[in-house]
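Enquirer: 3D, please:
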Amino acid sequence: MEELQQSTKRPDSQASNTGGEQASNNGGEHQPTRLISDAETLSTLEFYGKSYDDLRAESADSLKQLWSRLNLLSSRVEQIGDSIEQLQRYSFQYNIKIIGLPESELQESASKTVSLCINLFKAAGIEISNQDIDIAHRIPTRTATSGPRPIVCKFTRRIVKEQVMHSRKEVCKVPATSIGLPSSHSLENVRLFDHLTPLLQQLLADSKKFQKRNGFKFCWAKNFVIYLRRTDVSRPIQIKCHNDLVNFANQEGLPMS
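Expert: Residues are numbered from 1 along each chain as shown. I've put the predicted structure just below:
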């Protein structure tokens with residue numbers, strides 16, 4: 001009986017040994033598989049890492065090129081803007097702008113406007129002829145107003161324009177009837193100014209805001225330069241561009257807005 005029990009146990013022992021060998025063998029097979037898998041993962045990560053670095057370098061180079069082109073275009077735009085401004089200043093140097101001069105009729109023609117200007121200047125004591133004015137015309141206002149439209153008067157000679165501007169304070173004293181207007185009209189609100197380019201008009205507007213904000217007494221434009229003066233006896237400050245205004249405000253510790 002004991003021999004029979006021993007013989008029946010042997011297969012179990014063999015099975016146990018066989019299972020152990022299989023487990024040992026299986027363990028030996030899984031280890032190189034994991035090493036291969038880790039190596040493939042590391043290789044993949046290195047590949048994507050290198051691809052990312054290459055893409056990042058290419059993107060940086062592309063951004064540098066774009067910024068370089070943008071700076072070049074910006075410089076070209078500034079140069080073109082400066083050229084346009086200089087052309088406008090050259091053209092506007094023969095012009096004056098007249099504010100507050102009543103209109104002779106509802107639809108005033110350019111010839112009527114020229115005659116009105118010549119009569120005004122002559123009545124103010126200025127020697128001028130029809131040949132001294134190239135053109136004069138009414139221009140629309142930026143905002144709706146019940147007053148007369150401003151006039152832009154272009155002279156053929158700059159010296160005549162300077163003579164008119166020298167006597168600009170006399171035009172508001174001229175009687176309306178002396179220039180062909182009804183006596184019901186008044187010229188006391190007539191003012192003469194240099195005709196400024198759009199860029200300088202904006203600079204003058206900004207300078208006037210700065211004047212009121214910081215208590216300066218005077219702000220005016222002459223020969224395409226804006227001037228600020230704090231008091232009657234203080235030195236006038238020249239403002240030729242917006243940076244001049246900003247730099248002056250920073251230097252004096254004054255607010256821009």
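Enquirer: what about the helices in the stretch 151-257 of the chain?
Expert: 158-166, 198-214, 242-252 (DSSP state H, counting those that start in this stretch).
Enquirer: There's contact between A136 and C153 in this structure, I believe.
Expert: Yes - the pair A136 and C153 passes the contact test of Cβ atoms under 8 Å, sitting 4.2 Å apart. In this view, the C-beta of every residue, glycine as well, is placed from N, C-alpha and C.
Enquirer: which neighbours do these two share?
Expert: 114, 117 (Cβ atoms under 8 Å, 6 or more residues apart in numbering).
Enquirer: Those two: which is more packed in?
Expert: In terms of neighbours (other Cβ atoms under 10 Å), C153 is the more surrounded of A136 and C153; the figures are 26 against 22.
Enquirer: ok, that one touching I98?
Expert: Yes - using Cβ under 8 Å, C153 is in contact with I98, at 6.2 Å.
Enquirer: any common contacting residues for the two?
Expert: C117.
Enquirer: State the distance from L106 to R149.
Expert: Per Cβ to Cβ, to the nearest Å, L106 is found 11 Å from R149.
Enquirer: who has more neighbours, these two?
Expert: More neighbours surround R149 than the other of L106 and R149, with 15 against 5 (other Cβ under 10 Å).
Enquirer: Surely that one and T141 touch.
Expert: Yes - R149 lies in contact with T141 (Cβ under 8 Å); the separation is 6.2 Å.
Enquirer: mind checking pLDDT for L101?
Expert: For L101, the pLDDT comes out at 95.
Enquirer: and it, how far is that from L70?
Expert: 48 Å.
Enquirer: between these two, who's got more neighbours?
Expert: Each of L101 and L70 has its neighbours counted (other Cβ under 10 Å); L101 has more, 27 against 10.
Enquirer: any idea how far R157 is from that one?
Expert: From L101 to R157 the distance is 22 Å (Cβ to Cβ).
Enquirer: and if you look at Y90?
Expert: When Y90 is compared with R157 (using Cβ to Cβ), they lie 15 Å apart.
Enquirer: neighbour count winner among those two?
Expert: Ranked by neighbour count (other Cβ under 10 Å), Y90 and R157 place R157 first, with 13 against 9.
Enquirer: tell me the contacts of the closest residue in space to the more buried one that isn't next to it in sequence?
Expert: In space, and not counting its chain neighbours, R157 is closest to D132: 6.2 Å by Cβ to Cβ, 6 or more residues apart in numbering. Taking Cβ under 8 Å, 6+ apart, we find D132 in contact with 155-157, 160.
Enquirer: Name the secondary structure element that contains I118.
Expert: Element membership for I118, per DSSP states H and E: helix 110-123.
Enquirer: May I have the strands that pair with the very next helix or strand once past that helix, each with its orientation?
Expert: Per DSSP H and E, the first helix or strand lying C-terminal to helix 110-123 is strand 133-138. Strand pairing for strand 133-138, determined by DSSP bridges: strand 151-155 (antiparallel).
Enquirer: what bits of this structure have low per-residue confidence?
Expert: 1-36, 47, 144 (pLDDT under 70).
Enquirer: mind running it again at 80?
Expert: Counting by pLDDT under 80, the chain shows low-confidence ranges at 1-58, 142-146, 257.
Enquirer: Break it down into its domains, please.
Expert: Domain ranges of the chain: 34-91, 93-194, 198-252, per automatic domain parsing.
Enquirer: From start to finish, how long is the second one in a straight line?
Expert: Right, the one you point to is domain 93-194. 8 Å (Cα to Cα, to the nearest Å).
Enquirer: Before I go, just wanted to say thanks for your time.
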